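Asks: What follows is a protein structure lacking sequence information:
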């Protein structure tokens, strides 16, 4: 068998050997490069410059030079390529193997590795079993001998978009998700609009209501009041949240029951109250409480309003708000408010994990076929 000497290493010759069974044939699997070379020696130099190259195809007429990381032995599936020859490298009497830089990726429960090599710069795809997603699309073998990730290849589902990514068959419903901002705690999230742009909601199990009340009341006991048309109330069954920071969209009424007596009276958002009574200044609040009110109760969600949240009052001619009542476990917040046309609103509302709250309802385990 003809051969071409490449180099000498302590009397061990590196030889380029021709495989006659591949004459006028070409394979494109496991390529490490494709070049144009005017001579076989030039093509060989391209191969010698690569740590992965152990064989090559060279066409003497058009100069096609393909380098490969495997030594082929079966020409059955090859393409016809007239004037092409195939060569592989031997070291002494042994077929040269590519430089191996990484061990196989470590086994991990739930990780299914795709086909691939473990040589320098090789990439290995993988999938995650169950309700998990890969942290990256694939891992790469680095010169350090380590892969891009060496452990913890998969992550929990963090958002409704993740549920949608798992499978387009996942419909609107409640799923257990793990928003990173909650520090690894799982909560039940209702995913809405899964066929288009998903939106996350927290389902509420207790009364959560906000009211703008425009009744006139007197200080006499019992309270005597005149109800002026224009009250507006909202009862929230679910609240819209951003799972990035767990902020609440207070003006989402998709899952709220609202009552608006007059179009001129705005519906209060979640955690808001309003009023418009010019007699608020002299009313005896011990006998006639303020008409505007909000109640927040997150019991059953595994979440609570962050204690750092604050509210601000405004009124055209002044306002009065009772002290905000927080339950000892932080799950229930309520107060009453009145003004000569004003409102009492939070600057922002954020949810955080609560160890005091149970988690009610049943969450669906997302369908995540191998991706």
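Replies: All right, it came through fine. Bear in mind the structure is a predicted one, so any value in this text is a computation, not a measurement. Numbering: from 1, shown residues only.

Asks: count of neighbours near the spatially closest residue to residue 101 that is not a sequence neighbour?
Replies: Spatially, and ignoring its direct neighbours in sequence, residue 101 is nearest to residue 120 (4.0 Å; CB to CB, 6 or more residues apart in numbering). For the C-beta atoms, the positions are set from N, CA and C on the backbone; glycine is no exception. Residue 120 is flanked by 18 other residues according to other CB atoms under 10 Å.

Asks: okay but residue 120 is in contact with residue 53, surely?
Replies: No - using CB atoms under 8 Å, residue 120 makes no contact with residue 53, being 11.6 Å away.

Asks: List the residues that contact residue 114.
Replies: Listed by CB atoms under 8 Å, 6 or more residues apart in numbering, the contact partners of residue 114 are 124, 125, 126, 127, 138.

Asks: Recalculate using a threshold of 6 Å.
Replies: Each residue near residue 114 by CB atoms under 6 Å, 6 or more residues apart in numbering is listed here: 125, 126.

Asks: For residue 137, see how far away it is.
Replies: Separation of residue 114 from residue 137 (CB to CB, to the nearest Å): 10 Å.

Asks: and the end-to-end length of stretch 243-260?
Replies: Distance between the two ends of stretch 243-260: 30 Å, counting by CA to CA, to the nearest Å.

Asks: Now that stretch: average pLDDT?
Replies: Per-region confidence: stretch 243-260 scores 96 on mean pLDDT.

Asks: ok, now stretch 29-49?
Replies: For stretch 29-49, mean pLDDT rounds to 92.

Asks: Identify the residue nearest residue 291 in space, chain neighbours excluded?
Replies: Nearest non-adjacent residue to residue 291, counting by CB to CB, 6+ apart: residue 213, 3.2 Å away.

Asks: My error: substitute residue 58 in the last question.
Replies: Per CB to CB, 6+ apart, closest to residue 58 is residue 43, 4.6 Å.

Asks: which SS class is the one you found?
Replies: Under the three-state scheme (DSSP: H, G, I helix; E, B strand; the rest coil), residue 43 adopts helix.

Asks: For it, list the residues it contacts.
Replies: Residues in contact with residue 43 (CB under 6 Å, 6+ apart) are 37, 56, 58, 65.

Asks: Which one of the residues you listed is nearest to residue 269?
Replies: Set against residue 269, the nearest of the contacts of residue 43 by CB to CB is residue 65 (68.7 Å).

Asks: what's the helix or strand where that closest one lies packed up against?
Replies: Per DSSP states H and E: residue 65 is located in strand 64-68. Secondary-structure packing of strand 64-68 (3 or more CB pairs under 6 Å, 6 or more residues apart in numbering; DSSP states H and E): strand 31-36, helix 40-48, strand 55-59.
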